[in-house]
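1. Predicted structure and sequence below. I'll ask about it afterward.
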Amino acid sequence: MSKIEQTLSIIKPDAVERNLENEIKEIFKQNGFSILKEKKIQIEKSEAEKFYKVHETKPFYSDLCAYLSSGPIVAMVLEKENAVLANRNLMGSTNPKDAEDGSIRKKYGISIDKNSVHGSDSVENAKIEIDFFFKDHL
Ligand code: CMP
């Protein structure tokens with residue numbers, strides 16, 4: 001069953017650095033997403049560690065958090081029917097090398113770390129991630 005959902009999207013430092021912010025936002029809009037909220041910020045490594053806590057046991061955790069906090073990012077709340085899955089499909093596979101034709105990571109991603117965008121992986125995590133960026137402290 002389809003239902004209206006919200007998901008958190010981040011345009012990562014590699015894409016902001018290459019001035020791809022507007023192009024990527026346009027892709028979301030062309031694919032039927034409404035951008036309900038957005039903010040451009042740079043976060044501290046300690047904040048990135050909180051955001052990516054689910055990955056804390058992974059060997060790439062420290063580099064991942066250093067990377068997310070290395071430059072400005074754009075955090076957005078996206079809304080459409082089945083937004084979580086629709087956004088994951090539009091982003092493509094985590095590794096740009098494996099990403100599908102027409103996906104954002106295929107088009108813009110540089111490597112598994114510099115893969116240009118992040119998107120929530122479930123409705124439950126979307127709520128947590130939206131709160132993280134838009135509720136209080138950031
Ligand atoms: P993202 O969707 O932001 O979620 C976690 C990030 O970890 C992922 O995108 C990748 O950029 C990064 N990452 C780095 N190495 C790996 C790996 N081996 N497997 C999965 N994700 C990785």
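-> The structure has been received and is ready for your questions. Numbering: from 1, shown residues only.

2. Tell me which residues touch the closest residue to residue 17 other than its chain neighbours, please.
-> Closest residue to residue 17 apart from its sequence neighbours, by CB to CB, 6 or more residues apart in numbering: residue 71 at 5.9 Å. Using the backbone N, CA and C atoms, a C-beta is placed for each residue, glycine as well. Residues in contact with residue 71 (CB atoms under 8 Å, 6 or more residues apart in numbering) are 13, 16-17, 42.

3. ditto for residue 4
-> So residue 4 contacts 79-81, 83 (CB under 8 Å, 6+ apart).

4. again, only this time at 10 Å
-> Residue 4 makes contact with 34, 79-83, according to CB atoms under 10 Å, 6 or more residues apart in numbering.

5. helix or strand for the residue nearest the centre of the chain, which one?
-> Centre of the chain computed as the mean C-alpha position; nearest residue by CA atoms, centre = their mean is residue 118, 2.2 Å away. In this structure, residue 118 is located in strand 117-119 according to DSSP states H and E.

6. elements contacting the helix ranked longest in the chain?
-> Once the chain is assigned using DSSP state H, the helix that runs over the most residues is helix 123-134. In terms of contacts (3 or more CB pairs under 10 Å, 6 or more residues apart in numbering; DSSP states H and E), helix 123-134 is packed against strand 4-11, strand 34-41, helix 45-51, strand 73-81, helix 83-91, strand 117-119.

7. for these, which one sits closest to the ligand?
-> Evaluated over these, closeness to the ligand peaks at strand 117-119, with 3.5 Å, by CB to the nearest ligand atom.

8. who in this protein is up against the ligand?
-> Neighbours of the ligand within the chain, by CB under 6 Å from any ligand atom: 55, 60, 64, 94, 112-113, 115, 118.

9. Only the buried residues of the longest helix of the chain, if you could.
-> 125-126, 129-130, 132-134 (16 or more other CB atoms under 10 Å).

10. got it, and stretch 67-80?
-> 67-70, 73-80.

11. Between all of the residues you listed, which two are at the greatest distance?
-> 70 and 80 (30.0 Å; CB to CB).
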